[in-house]
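**Q** let me see the structure of the following:
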Amino acid sequence: MSTTTATRTDPIMIYRPDGPLGRPSITLTPAPPSLSGLRVAVLDNGKPNTLLVLTRLAETLSSRTGTKVSLVTKKGPQGMSANAAIPCAPDIFERVVAEADLVITGMADCGSCTAYSVHDTIEFEKVGRPAVVVTTTRFEPITETLASNFGLPGIRRLVLPHPVGGTDPDTLHQWADAAVDRLITLYSA
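**A** Numbers count the residues shown, from 1 in each chain. Reported below is the predicted structural model:
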């Protein structure tokens, strides 16, 4: 009995899902001197309970700081839908930039939605809109890693307990209300 060892001669290509390393570093948009009077946009990626949590954060922020909730929208084209696994639609991105000074986006609580929530946050930072990505305890490390790999290791991130999807509204309101002090700090630092 003889044995044959197969050798592979064609090259194996490995594609990184996050692209090449060495992207230029991005800096956070400077914090505004005051939050009072600023306009806040909520960018919903369509994950379960995201709209509820992000809107509660924005409304509580508004009542505490004098900001104004100027826009609540889904991130899909014309704000009609949201797919957590794609970037914010260009028309919605332009609308948020035109109608808001601050952005709250997310929910970063799964693989692809975390990647695109981080991406959207960074894109808003690039155009001068301080943005906070909302994530959960289980996905905070992934959010941090992606932000670093995408060039913004100091991304503004607000961490809530996990899971957001499937948690009752009263608990979610409590979590959001308890996180507003941290949200204020993120926009002020």
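**Q** now Thr185: how far from Ala31?
**A** 10 Å (CB to CB, to the nearest Å). From N, CA and C alone the C-beta is placed, and that goes for glycine too.
**Q** where in the chain is pLDDT low?
**A** Residue ranges of the chain with pLDDT under 70: 1-10, 12-24.
**Q** ok, longest helix in it?
**A** helix 169-188 (DSSP state H).
**Q** buried set for that one?
**A** Within helix 169-188, the residues that count as buried by 16 or more other CB atoms under 10 Å are Leu172, Trp175, Ala176, Ala179, Val180, Leu183, Ile184, Leu186, Tyr187.
**Q** surely the last one is in contact with Leu102?
**A** Read that as Tyr187. Yes - at 6.0 Å, Tyr187 counts as touching Leu102 under the criterion of CB atoms under 8 Å.
**Q** now for those two: what residues contact both?
**A** Here Tyr187 and Leu102 have Pro32, Leu35, Pro130, Val132 as joint contacts, going by CB atoms under 8 Å, 6 or more residues apart in numbering.
**Q** doesn't the second one fall inside a helix?
**A** No - counting by DSSP: H, G, I helix; E, B strand; the rest coil, Leu35 is not found in a helix; it is coil.
**Q** can you put the buried residues of helix 169-188 in CSV and add distance to Gly66?
**A** Below are those laid out as CSV (distance: CB to CB, whole Å):
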residue, distance to Gly66
Leu172, 24
Trp175, 23
Ala176, 18
Ala179, 19
Val180, 13
Leu183, 14
Ile184, 11
Leu186, 17
Tyr187, 12
